[in-house]
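Student: mind folding the following:
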Amino acid sequence: MTSALKDKIIEVCDKKIAQKGANVGISFYAFFKNKNDNPKMLMEAATWWIETHQLDHFEKAVKIKELMQNY
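Tutor: Below you'll find the predicted structure:
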């Protein structure tokens, strides 16, 4: 996983947690704009989320942040 994607995921998780609390759920789409302007990075996130960790579509942002920090 690239450091740019890892940093982005942690940043988005921090923002969502600050806005909506520790129970907020996110999907890997939360890390991207509605327009798919970076398909390579999207596939990298999807592979990490779905294949590597076999996560559900929505997961708690605190869980994702923790996984990222330990990855």
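
Student: gap between the two ends of stretch 55-71?
Tutor: The first residue of stretch 55-71 is 15 Å away from its last residue (CA to CA, to the nearest Å).

Student: and that stretch, what's its mean pLDDT?
Tutor: For stretch 55-71, the mean per-residue pLDDT is 95.

Student: how far does that stretch sit from the chain's center?
Tutor: 7 Å (CA atoms, centre = their mean, to the nearest Å).

Student: per-residue confidence at F32?
Tutor: 87.

Student: again but with K35, I slipped
Tutor: Confidence for K35, expressed as pLDDT, is 74.

Student: got a list of what I50 touches?
Tutor: For I50, the contacting residues are F28, by CB atoms under 8 Å, 6 or more residues apart in numbering. To be clear about C-beta, it is placed using only N, CA and C from the backbone, and glycine gets the same treatment.
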